[in-house]
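> what follows is a predicted protein model with its sequence.
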Amino acid sequence: MIVAPISQHLDAVRTASKPFVEFLMNSAWAKRLGAEDICDFVVGNPHDMPLPAYVEAIQRASIPLQPNWFGYKLNEPVACEVAAQSLRDRLGIPFESDDICMTKGASSALVIALSTVLNPGDEVIFQSPPWFFYESMIAFTRGIAVRVQVDLTTFDLDVDAITAAISPRTRAVIVNSPNNPTGKIYPRETLDRLARALGAASEKYGRAIYLVSDESYNRILFDGRHFPSPVAHYPNSFLVYSYAKALMTPGQRLGYLALSPSMLQREHMRSAVLATQCSGYGFPDAVLQHAMPDLEPLCIDMAQLQRRRDFMVHALRRQGYELHVPEGAWYLLPRSPLADDMAFTEILAAENVFVLPGCIIELPGYFRISLTASDEMVKRSVLGFAAAIEAAEQMSMCH
């Protein structure tokens, strides 16, 4: 029998995503997923009912107003103008509808941005700890992933390390602010330094280095903070956005890729549309695009999410956990009481509390908590966290 091998590039994709996929499929959490008695903090899935206004908007958009209501959709003009107006209002950047390519969420937008500018073997720098799938998406688009660790004291970008990692083959740098998993919002001073570094490197090597700004959480901000978009600091930028975070609807794939109005290569938009069409027809479904005018103003209750953050931070610190207070996004990153964070998450699992081990996100010695759990689940978890850290301390004393 002749066995057909998997393509080399998909094998690289599989290798890059293996730790997280393995956890999703074979962990104790995977075996208990959906059980009513667990406290599930692993991924950003909703554990409360969706916003009523969201449901109503989808229902209205489902009623056809003309024969082509459910026909093929590319970039619907109304949806693109809504997105551009939102970016103008929230970020103060003069986006126009022609700068917008509608996509099935941020994942699709990332693949399209990379597909638009990468040649096989081009390097893409991303920050570690990362969102799980940056490396695999870079591999999928035939790029070479280059990881650069953030400053682990402040969780800010290490611009000097990024500069040192740039080579003649560098084509793009991915940044994610507010950051998943650290919750860091990169300050203007850091973004200015990054822009100068990318501009100087582009001049040095005689070709543009693009900034891909993943802004999926740019409305999930705590303590009245303002979000400075990296796109405002560097002209050769792509902005990636997903409505899944502000609306907490990750299964409804709606987002966009926006080209900086300052980008000179306007043909990139035509290339992005072509990449969207060829990548499994990555435009959002008709109903979601029709609903955009009603969906754009909606957002989850940030006051409630901040109360949940504060409750968890206070409760965990009182129990002896070490953790910082995130500025944005919806994750906490406590240090594991055991050096082996996977072992500690198994202790938590025995208490019916499920979190993401730090080793899965290239941050060994930590674990990640998603604040998308319900308030009831958060309060119920406190005893489990307390029992787990007590068990860990006893283990450490025995050793």
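Here it is on my side, so go on.

> state the distance from His314 to Val287.
Using Cβ to Cβ, to the nearest Å, we find His314 at a distance of 41 Å from Val287. Any C-beta I mention is one placed from the backbone N, CA and C, and that applies to glycine too.

> who has more neighbours, those two?
Looking at His314 and Val287 with other Cβ atoms under 10 Å, you find the greater number of neighbours at Val287, namely 20 against 10.

> for Leu239, helix, strand, or coil?
Classification of Leu239 by DSSP: H, G, I helix; E, B strand; the rest coil places it in strand.

> nearest residue to it other than its sequence neighbours?
Ala258 (4.1 Å; Cβ to Cβ, 6 or more residues apart in numbering).

> and that neighbour, which helix or strand is it part of?
Per DSSP states H and E: Ala258 is located in strand 255-259.

> close enough to count as contact, Leu247 and Tyr54?
Yes - assessed by Cβ atoms under 8 Å, Leu247 is found in contact with Tyr54 at 5.7 Å.

> what do these two both touch?
Listed as contacting both Leu247 and Tyr54 by Cβ atoms under 8 Å, 6 or more residues apart in numbering are Leu295, Leu298.

> those two: which is more packed in?
Just comparing Leu247 and Tyr54: by other Cβ under 10 Å the higher neighbour count belongs to Leu247, 22 against 19.

> low-confidence ranges, the stretch 1-150 of the chain, go.
Scanning the stretch 1-150 of the chain for pLDDT under 70 picks out the ranges 1-5.

> could you redo the last one with a cut-off of 90?
Counting by pLDDT under 90, the ranges of the stretch 1-150 of the chain that qualify are 1-28, 30, 33-36.

> which residues of it fall in strands?
39-40, 100-103, 123-128, 144-149 (DSSP state E, counting those that start in this stretch).

> mind listing the strands the shortest one pairs with, and their directions?
When you say that, I think you mean strand 39-40. Strand pairing for strand 39-40, determined by DSSP bridges: strand 353-354 (parallel).

> how about the third one?
Each strand paired with strand 123-128, and its direction, by DSSP bridges: strand 144-149 (parallel), strand 170-176 (parallel).

> in that strand, what's buried?
Using 16 or more other Cβ atoms under 10 Å as the burial criterion, the residues of strand 123-128 that qualify are Glu123, Val124, Ile125, Phe126, Gln127.

> and the third one, how far is that from Pro168?
This means Ile125. Using Cβ to Cβ, Ile125 is found at 13 Å from Pro168.

> residue contacts, Pro308?
Check again: residue 308 is Arg, not Pro. Taking Cβ under 8 Å, 6+ apart, one finds Leu371, Ala373, Asp375, Val378 in contact with Arg308.

> and the two most separated of those?
Greatest spatial distance in these: Leu371 and Asp375, 10.2 Å, computed using Cβ to Cβ.

> neighbour count: these two, which is higher?
Counting neighbours by other Cβ under 10 Å for Leu371 and for Asp375 shows that Leu371 has the greater number, 21 against 13.

> pretty sure that one is touching Gly328, no?
No - assessed by Cβ under 8 Å, Leu371 is found out of contact with Gly328, at 11.4 Å.

> touching the longest helix belonging to the chain from outside, list them.
Across the chain, the longest stretch assigned as helix under DSSP state H is helix 375-398. Helix 375-398 is contacted from outside by 39-41, 47, 304, 308, 311-312, 315-316, 319-321, 336-338, 344, 347-348, 350-353, 371, 373, using Cβ under 8 Å, 6+ apart.
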